[in-house]
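> Sequence first, then the predicted structure, then my questions.
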Protein chains: 2
Amino acid sequence: MTEKFDLATVYVSDAQYNRNIFFGTSPQAVRLYLLYNHLFMQTLVYVFIIINLALALFEDPAVVPLPIWATSTIEIICLSAFTVRMVHYAKVIPRDKFWKDPKNICIIVIVTLSFIDLTIYGALKATGYFAIRWSRVLRPLLLVNVTEGRQLRRAFRSIRNALPQISYVFLLFMFSVLVFSLMALKLFGKRGLLTIDGSPYFTDYLDIVFDLYVLVTTANSPDVMMPAYNYSVFFTIFFILYIVINTYTFMSFFLAVVYNNYKKYLKEEVRQLVKARRFKMCRAFSLLRETCGEGGEPVVTQAKWNHLVKLVKPNISIAHQELLWSVLDDQNKGHIGKFAFVQLADLLSIQVITVKSQPHPIQICFPSMYNSSVSRFIRNVVHHRMFVYVYDLIILVNAVFIGLDEENPVVSNAEWDFVLYAGGYTSRQILDIVFILRVLRLIRLVDSIKRFRAIINTLIKIGPTILTFSQLIVVYYIFAMVGMELFKGKVQFFEPNSTSPDQEYCGNPLLKGTTFAKLNYCKNNFNNVVSSFIVLLELTVVNQWHDILYKYRSKLIKGLLLFYFPGSRTVDGLLQRMFETDLRTEDFNEEEEPENISFSNPAFDSV
Amino acid sequence: MTEKFDLATVYVSDAQYNRNIFFGTSPQAVRLYLLYNHLFMQTLVYVFIIINLALALFEDPAVVPLPIWATSTIEIICLSAFTVRMVHYAKVIPRDKFWKDPKNICIIVIVTLSFIDLTIYGALKATGYFAIRWSRVLRPLLLVNVTEGRQLRRAFRSIRNALPQISYVFLLFMFSVLVFSLMALKLFGKRGLLTIDGSPYFTDYLDIVFDLYVLVTTANSPDVMMPAYNYSVFFTIFFILYIVINTYTFMSFFLAVVYNNYKKYLKEEVRQLVKARRFKMCRAFSLLRETCGEGGEPVVTQAKWNHLVKLVKPNISIAHQELLWSVLDDQNKGHIGKFAFVQLADLLSIQVITVKSQPHPIQICFPSMYNSSVSRFIRNVVHHRMFVYVYDLIILVNAVFIGLDEENPVVSNAEWDFVLYAGGYTSRQILDIVFILRVLRLIRLVDSIKRFRAIINTLIKIGPTILTFSQLIVVYYIFAMVGMELFKGKVQFFEPNSTSPDQEYCGNPLLKGTTFAKLNYCKNNFNNVVSSFIVLLELTVVNQWHDILYKYRSKLIKGLLLFYFPGSRTVDGLLQRMFETDLRTEDFNEEEEPENISFSNPAFDSV
């Protein structure tokens, strides 16, 4: 009977956490499976993945250089941990299932390739040859293929499924850009116009395509138009038409298609998930059922159910447990059927908040003092509306003073002296933190206004979904790795007080006289993993991206770039839709009937 | 009886076109009302409005200068036309209703103020004094307040109603910007950092607020970050946090709130509209009803109904009329009740397409030739798939040649010579048009691919809605008028071959050494209505807006600008939603079941 309960427990918690692993039903197999899913083991896997990813900080080109033997040892430990985990997994599920799963193949290939790369790199470096750590690009893929990366895989799968339909719109968009470029070549090519740099304007077809593509991102507006505009006002019609058609119409259309398709596929994923969950709950039911009901239909008794719930959620309170039972057995029969039992996994996911009216500590220790008339007066004052307003006003005045401080050298210097003297610290970092904390006090002000709190609550509610999506940042890691191998050391940053003549062109003669050097973008380089990430983030923000990438302008790379912008716009568009989904009118307007204006959207339900 | 029919006709067509005018029911009043709604009269009003708006092209500062007496005469004619129209309207509706309607008051005030302004301006100019044509700002308001501007008023009303709820999010967003600016002041103010221009970095609070506000629009990214980044890599954390919170989270949230609220209010507007339409149809029914049905319920006979439909839509075909009747009277009783009658207005709006199988003209004239074996072979070839492909290939090759032409001087010059010689025209404009037409031939290519055609059809379907919204461009007109009065002549454009020393700073010493002058933005000025519109469009595209407005940077104007960016982002966001609404999956994927994934959205239904 215990074995049956153990197995039922596993089915229920699998359903609860949407695990979808096929495991043997023998007691040993179940015990191995429980160990595999233990929170400690899962945490350990993530710790090793993070260590493995973080190695980029210490490997050449490093932020904090460590010797090769040290980074290699750490990597070997990580890879061994992944191997052990994989062996464990292979013992849990049947052999044929194991080899049919592409996730497992993927992890084995990545670990093997990493070992090979490590060996070759070590050998080459030891003998003084040039070597590339190419396997680092594969590291983020571990995060996706590990058993726990279900949500990430689901997001990737939905994106991949939506791709074919998106591609048609993208092709039409590119066609439009190409046709407009041809028109531009015909219109402006022969006029001998010059750009602001003095180079010929719109004479090379591929350059025109690139410039007009950048115009879709609005990054070179209105500079790209100015030479033609200066020549004749009629040429602005060309650019206005281009912006209306490509920047506004096509890009909006593109985003609408991306969103609709993504939603469609995610809906399908969720449908599959619900089906799998019901199936597992049915298996758990068939393990525990008895045929004692009327008409001989199978049921589960309250005793068994209680035992099961205790096993699934050991720290559940009796009150919570009884609440759940009363929800399922609403007719108080003492047993429930299949239909009610299947809902258990969903019920366990619902957070139950128990509100207790806790007395104030002073009331417990000194009841006479707490109930005195003076104390009662103070309590009334504190709870009064005016008190809240006055308190907020004080914070606001404080804010103004923080701002004015800077103007007044006495206050300003006193503040610095105080912090410097007080702790004996001379570090400026401490001072920075103190300043920031002082300013953050202002947030209290917002929290005290009801409507603002409603907005902030909505923002917080959407937080977990954003966090899931933010895992997509692994894509940045891959780009950072490739960028570092291709471009490390190509652009140098010189300290402001450096006297090197190379400073003017970031140490690369190719950058002489470019906007990149003029705007002092030297620190936007791929010389280590941190600056690579910052460059990639700057590119996500889009503005000036054509200037940032000036150093890498070649026809091939220009071609590849065509796919970057729609991606970064998509991030923006998806965020908006997420908020729309979670916005309900009643949050903003209490007089309103609680009608749900926002449309139902399964894309971001907590699945 | 005829009078009753006339009145019923007016009610039905009012319901059909969503007119909501209270008019007298006497035969004369009805005839006046019909004249007021006559298509010719409505067209005339729009012609006068457009002429009135277009006057800005000829008035000082003019694109094509005309003498004051000429523009004044035209304006007086326009204003007189509006007055006549107003008098006509006053005769149609009861006096008390007329004076209660703010639209009428608004038009009377605008016309009166325009007359006064015109008189003052004429008098001052005649005596050689300085004068401002301030009433020009009011001109676009005529377009909004005229009886036919219902859709525009509905859009404005929805925006206005949504404002209070939007403002809370905007306030919270501004609070966040202010707090971040305070942090920036504390973090960077005392470090003595310099910007790329050599000016102090982040030392003045209001300048920081402006710079960080520009960062929300991404227009000065990453420049605003570079001095801090060059100082220490840790300061990028501040900017990354800022971008994530304000640019991505808050702006997305803001747009979501705008969209949801706008949708809510437009839904309410549509509900009102449907109610009014039903009310009018009921009045028409009560004019024509007879009590001949079973149970004595009122009905309308087919004969009366036919007569009414002929009056409402004189050019309706018998077949169409019979089709409509058979839809309403599905049990073939010969009369319909109130419920069916009320649907007439909706039915008349539905387009009925009559498909006729028309024979080929050659088949009619020369049947023997058309059916000969040679002709049949040609027809088969033309209808064959391969033929279409070959034809497309030819167009594509043609496109490549158009592109390559430029490389080959013989072809290129031959082309120029040909066009120059052929028509005897030496004008380059003709040449431009020929070039563009040649390139536009490529569009045929896209139209022949089924999936692309589906996308284009969707784009076309949304066209009318976009046109309605594009009327909001009247807002630009107001800004252009204000901008011209404030800034005309402040920035001068010099022809490229000019030798004036003022050329370097656009003729304004205040612009010496600014980015505005460096980027040669001199033509971005408010010196006439066309260049004003181009500047405003450039600002809508957002990029470089802070540089374009450099010349107008003062604390006051900075403050006003805070409201400009959310507006321009909203345009973008609304466009996307419009496409989402009209996107149906079946347009893209024929294997799919015709399930409607796109949510129902009343905002852009043709109301």
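Cool, got the structure.

> mind checking how far the nearest residue to A:F156 once chain neighbours are set aside is from chain B?
Among residues not flanking A:F156 along the chain, A:V144 sits closest, at 6.6 Å (C-beta to C-beta, 6 or more residues apart in numbering or on different chains). From N, CA and C alone the C-beta is placed, and that goes for glycine too. Plainly put, A:V144 is 23 Å away from chain B if you go by C-beta to the nearest C-beta, to the nearest Å.

> Equivalent analysis for A:I116, please.
As defined by C-beta to the nearest C-beta, A:I116 lies at a distance of 34 Å from chain B.

> Remind me which helix or strand whichever residue of the stretch 51-200 of chain A sits closest to chain B belongs to.
Nearest to chain B, among the residues of the stretch 51-200 of chain A, is A:K186, at 3.8 Å (C-beta to the nearest C-beta). Assigned by DSSP states H and E, A:K186 belongs to helix A:150-188.

> per-residue confidence at the residue nearest to A:F156?
pLDDT for A:V144: 85.

> so it touches A:V475, yeah?
No. Counting by C-beta atoms under 8 Å, A:V144 sits too far from A:V475 to count as a contact (10.0 Å).

> Which one of the two is surrounded by more residues?
Neighbour count, other C-beta atoms under 10 Å in any protein chain shown: between A:V144 and A:V475, A:V144 has more, with 17 against 13.

> give me the element the more buried one is part of.
For A:V144, the element it lies in under DSSP H and E is helix A:139-145.

> where do the strands sit along the stretch 201-350 of chain A?
Ranges of strands within the stretch 201-350 of chain A are A:300-301, A:335-336, based on DSSP state E, counting those that start in this stretch.

> tell me the mean pLDDT for the last one?
Looking back up the chat, that one is strand A:335-336. On average, strand A:335-336 scores 85.

> isn't A:Y121 right next to A:Y129, touching?
No. A:Y121 lies out of contact with A:Y129 (C-beta under 8 Å); the separation is 9.8 Å.

> More neighbours: which of the two?
The neighbour comparison of A:Y121 against A:Y129 (other C-beta under 10 Å) goes to A:Y121, with 19 against 10.

> ok, the nearest residue to the more buried one once chain neighbours are set aside to A:F526 distance?
Ranked by C-beta to C-beta, 6+ apart and with sequence neighbours excluded, the top spatial neighbour of A:Y121 is A:A131, at 4.8 Å. Going from A:A131 to A:F526 by C-beta to C-beta, to the nearest Å gives 18 Å.

> what bits of chain A have low per-residue confidence?
A:1, A:292-295, A:351-359, A:398-399, A:401-432, A:469, A:542-607 (pLDDT under 70).

> which SSE is the residue nearest the centre of it in?
Nearest residue to the geometric centre of chain A (C-alpha atoms, centre = their mean): A:S470, 0.6 Å. Taking DSSP H and E as the criterion, A:S470 maps to helix A:463-470.

> and if you look at A:R451?
Assigned by DSSP H and E, A:R451 belongs to helix A:450-461.

> Leaving out the residues flanking it, which one is nearest to A:F239?
Closest residue in space to A:F239, ignoring its immediate chain neighbours: A:M225 at 4.5 Å, by C-beta to C-beta, 6+ apart.

> Against A:I196, how distant is that neighbour?
Using C-beta to C-beta, A:M225 is found at 12 Å from A:I196.

> Neighbour count for the two, which is higher?
Between A:M225 and A:I196, counting by other C-beta under 10 Å, A:M225 is the more crowded of the two (23 against 13).

> if we can go back for a sec, so for A:A131 and A:F526, which residue has more residues nearby?
Counted by other C-beta under 10 Å, A:A131 and A:F526 do not tie: A:F526 has more neighbours, with 26 against 16.

> A:A454: neighbouring residues, count only.
A:A454: 17 neighbours (other C-beta under 10 Å).

> Tell me the spacing between it and chain B.
Here the distance between A:A454 and chain B works out to 8 Å (C-beta to the nearest C-beta).

> Also A:A517?
According to C-beta to the nearest C-beta, A:A517 stands 11 Å off from chain B.

> Contacts only, for that residue.
A:A517 makes contact with A:E504, A:Y505, A:C506, A:L511, according to C-beta atoms under 8 Å, 6 or more residues apart in numbering or on different chains.

> Let's see that with 10 Å instead.
With contact set as C-beta atoms under 10 Å, 6 or more residues apart in numbering or on different chains, A:A517 has these partners: A:V491, A:Q503, A:E504, A:Y505, A:C506, A:G507, A:N508, A:L510, A:L511, A:Y550, A:K551.

> Doesn't the first one lie inside a strand?
No. With DSSP: H, G, I helix; E, B strand; the rest coil as the criterion, A:V491 is assigned coil and is not in a strand.

> residues in contact with it?
A:V491 makes contacts with A:505-508, A:510-511, A:516-517, A:521-527, A:531, A:535, A:551-552, as judged by C-beta under 10 Å, 6+ apart.

> Skipping its backbone neighbours, what lies nearest A:V146 in space?
Distance criterion C-beta to C-beta, 6+ apart; nearest residue to A:V146, sequence neighbours excluded, is A:V45 at 6.1 Å.

> Tell me if I'm right that that neighbour and A:T83 touch.
No. Under the criterion of C-beta atoms under 10 Å, A:V45 is not in contact with A:T83, lying 11.9 Å apart.

> Correct me if wrong: A:F387 contacts A:S448.
No. Judged on C-beta under 10 Å, A:F387 makes no contact with A:S448 at a distance of 11.0 Å.

> Which parts of the stretch 1-150 of chain A are helices?
Ranges of helices within the stretch 1-150 of chain A are A:2-16, A:27-36, A:39-54, A:68-92, A:95-100, A:102-126, A:139-145, A:150-188, based on DSSP state H, counting those that start in this stretch.
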